[in-house]
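S.K.: let me see the structure of the following:
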Amino acid sequence: MKSLQWFFKISLAALLIAPLGLIQAQTKWDLASAYPVSNFHTQNLQTLAADIEKATNGKLKIVVHPNGSLFPANGIKRAVQTGQAQMGELLVSSLANENPIFGVDSIPFLATSYKEAAKLWALSKEPIEKALQKQGIKVLYAVPWPPQGLYSKNPITSGADLKGLKWRAYNPATSKIAELVGAQPITVQVADLAQALATGTVNAMMTSGATGVDIKVWESLKYYYEVDAWLPNNILMVNQKDFDSLDKPTQAILVKLSAEAQKRGWEVSEKKNKSDKEILAKNGMTVGPPSPALKNDLDRVGRIMVAEWIRSAGEEGQKIITTFKK
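M.R.: Prediction:
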C-alpha cells in the first residue's frame with residue numbers, strides 16, 4: 001500500500017513539474033522565407049534549423065515557413081524588426097529604397113562572378129550590418145543567388161528589343177533597368193511569378209537559373225541569355241532582442257552553425273549555376289551568351305547605374321566601389 005502511495009506521489013509531482021520544465025527547456029522560433037521548399041535557399045534554412053535543434057538538444061527549435069506562407073517577401077523584414085517572427089530570410093537588395101547600401105550587390109555588371117561577389121560582400125558587410133543593427137536586427141549570414149540571366153519570350157539581339165516588354169521587377173535595381181531600356185516594370189514577387197508569366201503579365205525578366213527551374217519558366221518563356229548581371233544576396237536575420245534572450249552557449253551555437261550554413265549555401269549556389277542552366281536547356285529553352293550588341297547595351301546600363309548608386313550612397317558608397325575595383 002505504501003509503495004502504491006509513493007508511486008502516486010511521484011507521478012503527481014512529475015505531472016506538476018513537467019510542463020514548467022518543458023517551457024523552460026525549449027524555445028520555439030518562426031523563420032519566414034519567401035521561397036519554395038524546392039529552392040536551395042529554403043533547403044539550406046531547413047538544414048540549419050535541424051542542425052541547431054540537434055546541437056542544442058532541442059533547446060532551440062526553429063520552424064521554417066517557406067514560400068511567403070508566414071509573411072510575404074516585402075513584409076519579412078518588418079516582421080522580424082517588430083518581433084512578429086524571430087527570424088527571416090530575404091533579398092537584401094529589396095530594401096534598397098530604404099538605404100542604398102542594401103542595393104550594392106544588385107548594381108548590374110559590377111560583381112559578376114562568385115569571387116567578385118564574395119569580395120563585394122566582404123566590403124559591404126559591415127555597413128549593411130550596422131544599418132540593420134540600428135533597427136534591432138542582427139545579420140547571421142549572406143548567401144548569393146547564381147548570376148542573374150536574361151529571360152524572354154522572343155529572341156533579344158540588342159537593348160532595343162527590350163523596349164516595351166513587360167519586365168518583372170523585384171527590387172529597385174530591376175525597376176531601374178526597365179526604365180533605362182524602355183521596358184515596362186511590373187513588380188512581381190517569386191511566389192506569384194509563375195502565374196504572372198502564364199497570364200502574360202510578364203514576358204521578360206532578369207533572374208537566376210535557380211528561380212527559372214523553381215517556377216518551370218520554360219512553360220512560358222523560351223530564351224535564357226547568360227548575361228551574368230549580378231549575384232544578389234539573401235540574408236538571414238534575427239530579431240536582436242530574441243537573440244539576446246538566448247543563453248550564451250545557444251547564441252554561440254546559432255552563430256557557428258549560421259557561418260557553416262553560409263559556406264554551404266555559397267557552394268550549393270555555385271553548383272546550381274551550372275546544373276540549373278542544363279535543366280533549362282533540357283526543357284527546350286535556348287540557353288547561351290548574349291550577342292555583342294546586347295552585351296554592349298547592358299554594359300552601358302551598368303555604367304549608368306554604378307554612377308547613380310555612388311551618388312545616392314555618398315562617401316561610403318564611393319569607398320566601397322573604389323576598393324572593390326582595385
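S.K.: residues in contact with the residue lying closest to residue 309 once chain neighbours are set aside?
M.R.: With sequence-adjacent residues excluded and distances taken as CB to CB, 6 or more residues apart in numbering, residue 309 is closest to residue 107, at 5.3 Å. Every residue, glycine included, has its C-beta placed from N, CA and C. Shown in contact with residue 107 (CB atoms under 8 Å, 6 or more residues apart in numbering): 173, 230, 302, 305, 306, 309.
S.K.: and those as JSON lines, adding secondary structure?
M.R.: Listed next are those as JSON lines, based on DSSP: H, G, I helix; E, B strand; the rest coil:
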{"residue": "173", "secondary structure": "helix"}
{"residue": "230", "secondary structure": "coil"}
{"residue": "302", "secondary structure": "helix"}
{"residue": "305", "secondary structure": "helix"}
{"residue": "306", "secondary structure": "helix"}
{"residue": "309", "secondary structure": "helix"}
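S.K.: for the stretch 151-300 of the chain, give me the ranges with low pLDDT.
M.R.: Applying pLDDT under 70 to the stretch 151-300 of the chain flags no residue at all.
S.K.: what segments of the stretch 51-200 of the chain are helices?
M.R.: 76-81, 114-133, 172-181, 193-198 (DSSP state H, counting those that start in this stretch).
S.K.: in the longest one, what counts as buried?
M.R.: Taking 16 or more other CB atoms under 10 Å as the basis for neighbour counts, the residues of helix 114-133 that come out buried are 114, 117, 120, 121, 123, 124, 127, 128, 129, 131, 132.
S.K.: what of stretch 163-182?
M.R.: By neighbour count with 16+ other CB under 10 Å, stretch 163-182 contains the buried residues 165-178, 180-181.
S.K.: one more: stretch 202-217?
M.R.: 202-215, 217.
S.K.: Serialize the helices of the stretch 51-200 of the chain to JSON lines and add fields for distance to residue 270.
M.R.: Below are the helices of the stretch 51-200 of the chain laid out as JSON lines (distance: least, CB to CB, whole Å):
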{"stretch": "helix 76-81", "distance to residue 270": "25"}
{"stretch": "helix 114-133", "distance to residue 270": "5"}
{"stretch": "helix 172-181", "distance to residue 270": "22"}
{"stretch": "helix 193-198", "distance to residue 270": "23"}
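S.K.: quick one on the thing from earlier: and the two most separated of the buried residues of stretch 202-217?
M.R.: The span of the buried residues of stretch 202-217, defined through CB to CB, is set by 203 and 210 at 20.3 Å.
S.K.: what segments of the stretch 201-326 of the chain are helices?
M.R.: Here the stretch 201-326 of the chain has its helices, by DSSP H, counting those that start in this stretch, at 209-214, 240-245, 248-282, 292-325.
S.K.: residue 161 is nearest to which of those?
M.R.: Among these, the nearest to residue 161 by CB to CB is helix 292-325 (7.8 Å).
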